[in-house]
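Enquirer: Got a sequence here, can you build the structure:
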Amino acid sequence: MTLDRQRIVTEAVALLDAEGLDGVTLRKLAARLGVQAPTLYWHVPNKAALVTAVAEVIIEREFPELTRPHPDERWQDWLAGIAERLRRALLAHPDGARVISAAQLSLNLAAISELAMSTLVARGIPLRQARVIVLTVQRFTVGYVLEEQAPRPDTVGLKDFDMAAFSERHPTVVAAITEYFEPGRTVDDLFTECLATVIEGATVTSHGHHG
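Expert: As a prediction, this is how the structure comes out:
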């Protein structure tokens with residue numbers, strides 16, 4: 001099978017899924033493809049370029065096409081839908097959010113930004129405000145998933161953890177977590193609620209433009 005860029009990137013995504021971002025090296029990738037590392041450099045000059053190419057695939061798989069909202073759809077709901085899909089794209093792969101953060105320039109993410117900003121402008125929101133809203137939503141989403149995908153404390157890290165003392169010191173935090181998840185809510189619900197807070201807050205500050 002000939003070695004082309006698409007095959008290299010597809011294999012890099014498989015390597016990411018198997019070993020996480022730290023396991024994605026040009027040496028390991030070359031071994032998986034059965035070639036010498038220098039052969040890869042014809043197609044991918046360095047790890048940064050490889051990570052960027054992987055980021056493109058991660059987004060592309062969730063956003064094969066980009067569509068504007070229906071005329072009667074609130075831009076807030078449409079933008080929330082874009083963010084939900086972006087989170088889904090990142091969660092579909094180990095370290096997905098780290099990959100997007102490390103990518104040097106994702107043209108697919110830029111296309112989402114273009115669509116979102118132009119949609120908001122078409123709904124009467126000033127360009128500057130549209131940019132701030134879209135950037136805030138994107139960065140909140142990536143940051144949220146970075147936290148979700150961060151390594152959890154292992155047993156060694158937790159061996160001296162005293163839950164009773166922690167609860168005594170942080171009673172409101174513990175009460176809020178307990179209260180939130182009691183009715184069967186999930187981390188997906190929490191993301192949706194946090195996202196709504198971000199978007200509705202942006203709506204209030206967008207100079208009265210409620211689109």
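
Enquirer: Which residues does stretch 65-76 contact?
Expert: Residues outside stretch 65-76 that contact it (Cβ atoms under 8 Å, 6 or more residues apart in numbering): 77-78, 111-112, 115, 119-120, 123, 125, 199-200, 203, 211. Quick note: C-beta positions are derived from backbone N, CA and C, even for glycine.

Enquirer: no wait, stretch 178-190
Expert: residue 148.

Enquirer: Looking at that stretch now, give me its mean pLDDT.
Expert: For stretch 178-190, mean pLDDT rounds to 92.

Enquirer: distance between it and the chain's centre?
Expert: 21 Å (Cα atoms, centre = their mean, to the nearest Å).

Enquirer: so which helix or strand takes in residue 161?
Expert: When elements are assigned from DSSP states H and E, residue 161 belongs to no helix and no strand.

Enquirer: So in this structure, which helix runs the longest?
Expert: helix 127-149 (DSSP state H).

Enquirer: How is the chain partitioned into domains?
Expert: Split into domains by the TED database, the chain comes to 1-45, 59-207.

Enquirer: Distance from the longest one to the middle of the chain?
Expert: Read that as domain 59-207. Distance, centroid of domain 59-207 to centroid of chain: 7 Å (Cα atoms, centre = their mean).

Enquirer: ditto for the first one
Expert: Relative to the centre of its chain, domain 1-45 is centred 22 Å away, using Cα atoms, centre = their mean.

Enquirer: shaky segments in this structure?
Expert: 1, 205-211 (pLDDT under 70).

Enquirer: now the spatially most central residue of it: how far from residue 181?
Expert: Central residue of the chain (Cα atoms, centre = their mean): residue 142, 3.8 Å from the mean position. Residue 142 sits 24 Å away from residue 181, going by Cβ to Cβ, to the nearest Å.

Enquirer: likewise residue 51?
Expert: In terms of Cβ to Cβ, residue 51 sits 34 Å off from residue 181.

Enquirer: Those two - which one has more neighbours?
Expert: residue 51 (22 against 13; other Cβ atoms under 10 Å).

Enquirer: The more buried one reaches residue 98, doesn't it?
Expert: No. Counting by Cβ atoms under 8 Å, residue 51 does not reach residue 98; the two are 9.0 Å apart.

Enquirer: what sits in contact with each of these two?
Expert: Counting by Cβ under 8 Å, 6+ apart, the shared contacts of residue 51 and residue 98 are residue 21.

Enquirer: Can you identify each of the helices in this structure by residue range?
Expert: 5-19, 26-33, 37-40, 47-62, 75-91, 96-102, 107-122, 127-149, 155-158, 163-169, 171-181, 187-205.
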